[in-house]
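K.L.:
Coordinates only, no sequence provided:
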C-alpha cells in the first residue's frame with residue numbers, strides 16, 4: 001500500500017456492555033452499550049477530537065453502531081455499516097461466563113491457543129473471519145487509502161484483531177497480542 005496519496009487507517013473497539021462486565025462471550029449476540037460504555041465513547045470523542053477521519057465503517061451490531069455515533073457526534077462524517085465487520089460468531093458458546101478460564105471449553109483454546117481453535121457448533125472459524133475481513137480490507141479500505149482518505153473502523157475484539165493481524169502481518173498464534181481496549185483508538189497505517 002504505497003502509491004501516493006495515502007490515507008491513514010484507524011480502528012476502535014466498541015464501548016463496554018453489561019456482558020463485558022459479566023465476562024460473557026458476546027460474539028454476534030446483539031448486546032447494547034451500558035452507561036459506562038456510552039461514557040467511554042463520549043470520553044473518546046473528546047480525547048480524539050483532533051484526529052481527522054474521512055469515513056467510518058462499522059459493524060452492524062448495536063454496540064458498535066452506538067459507539068460510532070457517540071464518538072463521531074458533531075462531525076459531518078458518514079458511518080457506513082458493513083456486514084463483514086460483524087463480530088466473530090461463537091455459536092453455542094455465546095453467553096457463557098468466564099469461558100476463557102475453563103480449559104474444557106473451546107473458548108479457552110480460542111483465547112489461550114488461537115492457532116488450535118476449532119469453532120463450537122454454529123461458530124465461525126478463524127479462516128472464515130480472516131476471509132471476510134480480508135475481503136473488506138482489499139476491496140474497501142485499500143482503495144480508500146490509495147485515494148488519500150483517513151479511514152476509521154469501529155468494531156469488536158476478535159474482528160478488530162483479525163484486521164490488525166492482517167495489516168501488521170501478525171501470526172495467528174499471537175492473535176490476541178494485537179488486542180485493543182474498549183474505545184481506544186489505534187492507528188494501523
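P.N.:
Sure thing, it's come through. Since the structure is predicted, the reported quantities are computational estimates derived from the model, not experimental observations.
K.L.:
Surely residue 19 is in contact with residue 26?
P.N.:
Yes. Checked against C-beta atoms under 8 Å, the pair residue 19 and residue 26 is within contact range at 5.0 Å. For every residue, glycine as well, the C-beta is placed using N, CA and C.
K.L.:
which one of the two has more residues nearby?
P.N.:
residue 26 (23 against 19; other C-beta atoms under 10 Å).
K.L.:
To which secondary structure element type does the more buried one belong?
P.N.:
Following DSSP: H, G, I helix; E, B strand; the rest coil, residue 26 is assigned to coil.
K.L.:
shouldn't it be in contact with residue 94?
P.N.:
Yes. Taking contact to mean C-beta under 8 Å, the distance of 6.7 Å between residue 26 and residue 94 places them in contact.
K.L.:
For the helix-or-strand element of the chain with minimal mean pLDDT, what is the distance to the chain centroid?
P.N.:
Ranked by mean pLDDT, DSSP states H and E, the weakest helix or strand in the chain is helix 106-112, scoring a mean of 88. Taking the mean of its C-alpha atoms, helix 106-112 sits 18 Å from the chain's own mean (C-alpha atoms, centre = their mean, to the nearest Å).
K.L.:
cool, stretch 147-167 as well?
P.N.:
Using C-alpha atoms, centre = their mean, we find the averaged C-alpha position of stretch 147-167 to lie 7 Å away from the chain's own average C-alpha position.
K.L.:
And for stretch 116-129?
P.N.:
Centre-to-centre, stretch 116-129 and its host chain are 17 Å apart (C-alpha atoms, centre = their mean).
K.L.:
Stretch 112-132 too?
P.N.:
Stretch 112-132 has its C-alpha centroid displaced from the chain centroid by 15 Å (C-alpha atoms, centre = their mean).
K.L.:
so who does the residue lying closest to residue 109 once chain neighbours are set aside touch?
P.N.:
In space, residue 109 comes closest to residue 117 once its chain neighbours are excluded; the distance is 5.0 Å by C-beta to C-beta, 6 or more residues apart in numbering. For residue 117, the contacting residues are 106, 109-110, 125-126, by C-beta atoms under 8 Å, 6 or more residues apart in numbering.
K.L.:
out of the residues you listed, who has the most neighbours?
P.N.:
Taking other C-beta under 10 Å to define a neighbour, the member of these with the most is residue 110, carrying 25 neighbours.
K.L.:
Surely that residue touches residue 100?
P.N.:
Yes. In terms of C-beta under 8 Å, residue 110 counts as a neighbour of residue 100; the distance is 7.5 Å.
K.L.:
buried sites along stretch 155-172?
P.N.:
Neighbour-count burial for stretch 155-172 flags 155-167, 170, 172 (criterion: 16 or more other C-beta atoms under 10 Å).
K.L.:
Run through the residues that contact residue 189.
P.N.:
Taking C-beta under 8 Å, 6+ apart as the definition, contacts of residue 189 comprise 1, 6-9, 145, 167.
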